[in-house]
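>>> Pasted the sequence and its predicted model underneath.
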Amino acid sequence: MRSRSENNDISVHAIAGTRVVILGLNLKQKDDESGDAFPSTKLSAMLSGLTMADDANGADTVAAEPNMLVKNESSSSHDVFVGFAIDRRDVSSGKSTSLNFDGRPIQKFHYGDYTVEPGRRYEYSVRRMIKAPSRSRYSFFSRPKYVTDGSPLVVTVTTEDPSTSKHGVYFNRGAAGSQAYAEKFGEYRKWHKVNKFGTSHWTSTINPLSIPDPAKKKEACAWLSRGLEEALLGFISEACDNCWQLRVTAYEFTHKEVVHAFADAVERGVDVKIIRHVKGSYRPKTRYNDVVKDKEGKVVKEWVPDKTTSDAQHAIDAVGFQSLDHARIWHHDTFLERHTSSIMHNKFIILLRDGIPVKVWTGSTNFTESAFYGQSNVGHIVRDEDVAQQYLKYWDKLAQDPPGRSKRHSGSSHDEDVVPMDEINEQLQPDPAGTQPYDTTTVFFSPRKTSDLLDWYANRMGDAASSVHFTAAFGVSQPLAYVLNQDGKSSLEVGVRRSPRIAKRIETDEKLLRYILLDSQPSEHSSERSRASAEKKGRGNEYCDYFDFKNVKSNRIAYGAILSGGKEEEGGASSSEHSESLTGLSTFVDFVHTKFMLIDVLTDKPTTITGSANFSVASIEQNDENMLVVQGDTAVADVYLTEFMRLFDHFYPRDKRNESSGKGSNSSRTWIDVVEDDSWIKPYFDPSHQLFRERVLFS
């Protein structure tokens, strides 16, 4: 849901997801000539570093907050605008909360409230804040450092309820490495020496599953899951008796609660069928550390499953049943093996009643502890029989375990009478041409004959008029990198719709804003190797990656990180009690595992692309994957946007802080210190700065 409100001083644009509300803030004054809302005289004084005398007839009153002093109307001379004061009221309960930490002003033009609940109505009151007068007749009371200025601007929104809407979207916390997690559960931190990518270093973890106190363990898991695990288990439990069927695909299948939820469904009489990833390789057979040979002296080889396959088998075998009949069904009738694709990377569940598909669960969430309690993930329910029917058709084909690629593409020797999945998938949904129709949900399945679908994603990114929000867990593929390496042009109508005077000052090549969220900081060494490989193939001039597009002005980039601690001990272990720690459950992807892209998300016709595929050639041409393209649904877009910005705003300052620390910065300021002059505001009104475009985008 989106809602706007404005007065003569400020404007607020509220964007509500399920558990996040983003407030786009702006300063306003009536422009005498045009009559359009535009920050003019008072703002100009702020930007030039000057102060202005204002009508000082307002009466002082003491605020409810001890650190704030309220002025009912105008501020006195020599006021310095230092930020915003925001209060939230839960309309149902009437409870009010100040969102200003320790009375400090909020010094940014978009603010994220991450403590709301789904399906609730909230009222936000926003005021400007200024430095308190040096002499106040209330100074003996509390000596407030900052005071509010002017009447409050109120905006009301209702958060989305994922349990009732057509699209139910659930994100986990995805920010285990945070101050909040360390403060809540830091007493259970443990230090380990690890070797990752050839580098040995010390790291600390707070593993929720290792917490000895059962109540605290449950609390930690719930805090990290943030409703994602609960939603998945609830989806499975909807199949309550033998009238229901579950058709499942699983790549990783080790999370005890999920595995047991499917086993419980079998005991309830539900018809459960799970296609799972089964891959391995033939290796020399050994016995007592000796290679086994046959009578002719040839080495005997045996099939050895990969880790994903063997871990899943262990989880399956660990389940016990009271009934032998149910145990036999579980082990002999429930699981179907998918051998012939590169990776069976799907993780979706189709819920059927009496054989009719009702709804589907999809997204990026594997059935593992790390997926719920570690890296960021999304679960997306589509309550639409037509969409569920498409998934069922795809599932029925996968269940036959046909080859992933046709013989001419894969070079395999499969039966030519068997139709491969790449041909089947393009029959189910041909490659699109141009944008999808408004108010539609389209499903694309992989593998496909070509990577044309990846080019289509890149074209949608290239067509963006105002914004792109993009997550990449495993790097950025070449077609998308080419687009990101261009300083794209945006529509002036969108970019400066509330500031016609600024529009006259901006050149016609005004840029759009792209947000890119990566799992980790890319490696220069890996980049050099990839570039060298491209050069050997004669494509060196075409190669493009993060180190090419990171400085493009249209791109605003963050990557997963934890805040570096204080003084480091020998070996690199930080002894600071404020150090942030991950859960230690993820072995490869620590931070960002989602795969989604938002195009022009704050317009009336946003595009949301989400699913299991990593926007790569392999995910399009080789793997079993599924992706949703939701066109024109602002409610869906708002949920994805608010969650994206929650994570982006979590990681971006950590990246900058860590980068500053790495360069040996000796600044005594902390990252939450208030800037007590108006210098903080200038980038937001400088048309050449990213923060200018961010302010306009969200306001």
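Cool, got the structure. Numbering: from 1, shown residues only.
>>> CA atoms for contacts and neighbours, from now on please.
Will do.
>>> For residue 524, which non-adjacent residue is closest in space?
residue 547 (7.8 Å; Cα to Cα, 6 or more residues apart in numbering).
>>> Quick one: list the elements packing against the host helix or strand of that neighbour.
Residue 547 is part of helix 546-549, with elements assigned from DSSP states H and E. For helix 546-549, the elements it packs on are helix 478-484, judged by 3 or more Cα pairs under 8 Å, 6 or more residues apart in numbering; DSSP states H and E.
>>> counting contacts, what elements does the helix it packs on pack onto?
Partner elements for helix 478-484 (3+ Cα pairs under 8 Å, 6+ apart): helix 452-462, helix 546-549.
>>> deepest of these, which one?
helix 452-462 (a mean of 19; mean count of other Cα atoms under 10 Å).
>>> Next secondary structure after that helix?
strand 467-472.
>>> quick one on the thing from earlier: nearest to residue 644, out of the helices and strands packed on helix 478-484?
Closest of the helices and strands packed on helix 478-484 to residue 644 is helix 452-462, at 16.5 Å (criterion: Cα to Cα).
>>> what's the average pLDDT for the closest one?
In this model, helix 452-462 has an average pLDDT of 96.
>>> Run the angle between it and strand 467-472 for me.
140 degrees (axes from the mean of the first three to the mean of the last three Cα atoms, to 10 degrees).
>>> which other residues reach helix 452-462?
Helix 452-462 is contacted from outside by 431-435, 468, 479-480, 483, 488, 599, 615-617, 620, using Cα atoms under 8 Å, 6 or more residues apart in numbering.
>>> Show the buried residues in those.
Among these, those classed as buried by 16 or more other Cα atoms under 10 Å are 431, 468, 479, 480, 483, 488, 599, 615, 616, 617, 620.
>>> pLDDT check: weakest of those?
Among those, residue 488 has the weakest pLDDT, 60.
>>> which element follows the helix ranked longest in the chain toward the C-terminus?
Ranked by residue count under DSSP state H, the longest helix found in the chain is helix 634-662. Once the chain leaves helix 634-662, the next helix or strand it forms, by DSSP H and E, is helix 690-698.
>>> quick check: angle from that following helix to strand 467-472?
110 degrees.
>>> Neighbours of the residue nearest to residue 471 when sequence neighbours are not counted, how many?
Excluding the flanking residues, the one nearest residue 471 by Cα to Cα, 6+ apart is residue 517, at 4.7 Å. Neighbours of residue 517 under the rule other Cα atoms under 10 Å: 25.
>>> next one: residue 329
16.
>>> name the element the closest residue to it other than its chain neighbours belongs to?
Distances taken as Cα to Cα, 6+ apart place residue 266 nearest to residue 329, at 7.7 Å, with adjacent residues excluded. Using DSSP H and E, residue 266 maps to helix 256-267.
>>> Now go through the contacts of helix 452-462 and say which are in helices.
Using DSSP H, those in helices are 479, 480, 483, 617, 620.
>>> remind me, longest strand of the chain?
strand 146-158 (DSSP state E).
>>> hang on, the earlier thing: how about the helix holding residue 266: buried residues?
258, 259, 260, 261, 262, 263, 264, 265, 266, 267.
>>> do stretch 2-20 as well
So, applying 16+ other Cα under 10 Å, buried residues of stretch 2-20: 2, 4, 6-7, 9-20.
>>> what's the offset of it from the middle of its chain?
Offset of stretch 2-20 from its chain centre (Cα atoms, centre = their mean, to the nearest Å): 22 Å.
>>> can you check stretch 146-154 too?
For stretch 146-154, the distance to the chain centre is 33 Å (Cα atoms, centre = their mean).
>>> Repeat that for stretch 237-256.
For stretch 237-256, the distance to the chain centre is 25 Å (Cα atoms, centre = their mean).
>>> Quick check: which ranges of the stretch 401-550 of the chain have low pLDDT?
407-416, 488-510 (pLDDT under 70).
>>> hey, where'd the strands end up in it?
440-446, 467-472, 513-518 (DSSP state E, counting those that start in this stretch).
>>> strands paired with the first one, and their directions?
The one in question is strand 440-446. In the sheet containing strand 440-446, its partner strands are strand 625-631 (antiparallel), by DSSP bridges.
>>> report the angle between the axes of the partner strand and helix 634-662?
110 degrees.
>>> Could I get the average pLDDT for strand 625-631?
97.
>>> I figured residue 447 hits residue 623, correct?
Yes - taking contacts as Cα atoms under 8 Å, residue 447 lies within contact range of residue 623: 5.4 Å.
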